[in-house]
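Visitor: got a predicted structure here, sequence first:
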Amino acid sequence: MRHYLYITALVFGLLFSCNSNKEVVAKDQHNDKPKLESDTIRIANDEIEYEIIIIDPGFTSWFNSYAKPRGFYTQSYLEARNIFWVTEWNRRVIMSSQYDPSLYEMQINYNSYTNYGYEVNYMLYNYLVYFQLTNKQRLGGFPPEFKYEETQRTLEY
């Protein structure tokens, strides 16, 4: 049985996806590196039967430009951030009257006791960093950071 982790950010997606250039990064079955296909990212780990699907037209471009290379973070680092940020994300989905429901449309089914592997955690982490920076949201705890040319950019409130 295959389990899915879906992340959809349709703030820009619904408005612009019909006319956008479509590029996707999908995990090749014989290679750990993603390959470019359209604006939906699918990362699958057939060994543990989990995959992550990210639908957001701006993410691929951001990822290719700003994400740290694979191996930069340890899996435990990624898992710690993901657990914290996904918990807050899911809380905001439930409390849709307090948070923009167009940003937090559906819960992310992420279990801290499941080993999703490095690639799933890496892509989820990068999406959550991208989401926070581009939507000026802070999921709490650890501020998202990334190198932007010569200066360090963090989310400040």
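Guide: The structure has been received and is ready for your questions.
Visitor: alpha carbons only for contacts and neighbour counts from here, please
Guide: OK.
Visitor: now the strands for this protein?
Guide: 3-8, 25-27, 34-36, 40-45, 50-55, 145-148, 151-154 (DSSP state E).
Visitor: which helices and strands does the top helix by length along the chain pack with?
Guide: If you go by DSSP state H, the chain has its longest helix at helix 75-94. Helix 75-94 is packed against helix 118-135, with contacts defined by 3 or more Cα pairs under 8 Å, 6 or more residues apart in numbering; DSSP states H and E.
Visitor: now this protein, which segments are flagged as low pLDDT?
Guide: 1-49, 145-157 (pLDDT under 70).
Visitor: list the buried ones in stretch 80-90?
Guide: With burial defined by 16 or more other Cα atoms under 10 Å, the residues of stretch 80-90 counted as buried are 81-83, 85-90.
Visitor: neighbours of Tyr110, just the number please.
Guide: 19 (other Cα atoms under 10 Å).
Visitor: no no, Phe142
Guide: 12.
Visitor: now swap in Ser65 and tell me
Guide: Applying other Cα under 10 Å, I find that Ser65 has 12 neighbouring residues.
Visitor: so how far is Gly58 from it?
Guide: Ser65 sits 11 Å away from Gly58 when distances are taken as Cα to Cα, to the nearest Å.
Visitor: do Tyr118 as well
Guide: Relative to Gly58, Tyr118 is positioned 23 Å away (Cα to Cα).
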